[in-house]
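J.: With the input below, show me the fold.
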Amino acid sequence: MNKGLVLVVDDEAPIRDILSFYLKRAGYQVMLAENGRRALEEMAKSSPDLIISDLRMPEMPGDEFCQTIKGDPATRDIYFVLVSAMDGSASRIGGLNLGADDMIAKPFHAQEVMAKVASAFRIIGMQKEIKRQNLTLTRFQERMTAELSLAAKLQSGLLPEAPGEVACLRYHHRYLPAEGIGGDIYSVLPLANGGAAIMIADVSGHGVTAALISAMVKTSFGNQIHLSDSPRAWAEGMNRDLARSTLEEQFATAFLACVDPGNHRIRYVVAGHEPAFRIPAASPGKPEALGGRGFMLGLDESLPFEELSAPFEPGDRLILYTDGLVEVEREDRKYLGNDGLMGYCAELPRDGEEAVAQILEQARAFHSPNPFVDDVTLVLLDRVGC
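T.: Okay, the predicted model is just below:
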């Protein structure tokens, strides 16, 4: 059984012969060289697993040979044992400082050398296994990175293109997942009566699981608006879907709203979500919170929900967001919070894209130097026309 390849380097032929005899008898393959330069020539033919080299040799001594091997990325991982006639700790430390993995003092006993070789090959075996596992892990990480990148692109495709316009609404948004892929989702869809349905949701957790549930939330929302024009009925249906399809510890907060054509009001449900802000066209400096108390979606399929309403005139603006925007703890332990964000909404440019950018810039400045740590979604909707 071939246990591995050992290169023996020594200018004394009897020592080479003795070591070769014992190594071959123990099942190792052996290469021989009388000095470091000749050893390098042999290594061009075949790479050894272990090198046993004398320290004092002509042409290229063992210390220079060791430094050459350990200084080359292609050979530095080869286990290197220096053999020296100098005994004592100073000699051993000096050899190890050259990069050698171990030392053997001359004169040596064959049993000592074979014990060192056996120990070295146990270490070599562990190193190879670690490299194999690292390679496997690296390949797994590369696959996961590629799959997460693809998943992030697919999730991004679930979001409406922005800026966009549906029925009597023009909207802009920003989506900033905490881990490349996250659990926030929003949707603006036309209704059969010419109105518009609005949804923003925040799924518990992060990563792939949260992203998968967010896709379920959007699908359920799309199904529910074909069955009714009532946000309460949408919440009840979405809650049943999530309760039946997810684990007990998984849930989603949501704000659901309906804008009817010709009706200057908005009907909405708050399902454990942050309040939306309505900015009246008549008094843009006085935003109003569309609050409400309601259960989160997915906790229990029989939960009730309350439908509320508020004015929503042409020219009015609606701000929707997830809690990742306002719940970043600063170094002084302060939070922006809903009230702080509403203050930012009192002084926004009329252009929707500029307004979204300004809110995010102000929120980042408030949190600085701390970054967002949760998924962040911000949606601005302007009522136009109907």
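
J.: I believe Asp241 is in a helix; please confirm or correct that.
T.: Yes. Assessed by DSSP: H, G, I helix; E, B strand; the rest coil, Asp241 belongs to a helix.

J.: Just give the number of residues close to the closest residue to it other than its chain neighbours.
T.: Nearest non-adjacent residue to Asp241, counting by CB to CB, 6 or more residues apart in numbering: Ser220, 4.2 Å away. Any C-beta I mention is one placed from the backbone N, CA and C, and that applies to glycine too. The tally of other residues near Ser220 (other CB atoms under 10 Å) stands at 22.

J.: what about Ser220, distance to Gly237?
T.: 7 Å (CB to CB, to the nearest Å).

J.: now do Phe21
T.: 83 Å.

J.: Between those two, point out the one with more neighbours.
T.: Gly237 (20 against 12).

J.: Tell me if I'm right that the more buried one and Ser230 touch.
T.: No. Gly237 is beyond contact range of Ser230, at 9.9 Å (criterion: CB atoms under 8 Å).

J.: now the helices: where do they sit in the stretch 101-250 of the chain?
T.: 110-158, 207-224, 231-245 (DSSP state H, counting those that start in this stretch).

J.: Secondary structure element holding Phe80?
T.: In this structure, Phe80 sits in strand 79-84 according to DSSP states H and E.

J.: where are the low-confidence patches of the chain?
T.: Scanning the chain for pLDDT under 70 picks out the ranges 1, 86-97, 145, 147-148, 150-158, 386.

J.: That one - how does it break down into domains?
T.: Per the record, the chain has its domains at 5-132, 159-383, by automatic domain parsing.

J.: what's the neighbour count on Gly292?
T.: 19.

J.: ok, it - contacts?
T.: Listed by CB atoms under 8 Å, 6 or more residues apart in numbering, the contact set of Gly292 reads Tyr268, Val269, Val270, Pro275, Glu306, Leu308.

J.: now swap in Leu98 and tell me
T.: Asp63, Cys66, Gln67, Lys70, Leu82.

J.: Pull out the buried members of those residues.
T.: Asp63, Cys66, Lys70, Leu82 (16 or more other CB atoms under 10 Å).

J.: Narrow the residues you listed to those in helices?
T.: Asp63, Cys66, Lys70 (DSSP state H).

J.: from these, which single one is nearest Val8?
T.: Nearest to Val8, judged by CB to CB, of these is Cys66 at 14.3 Å.

J.: For Lys106, see how far away the nearest residue to the closest one once chain neighbours are set aside is.
T.: With CB to CB, 6+ apart as the criterion, Cys66 has its nearest non-adjacent residue at 4.9 Å, and that residue is Leu98. Note on Leu98: its distance to Lys106, by CB to CB, is 17 Å.
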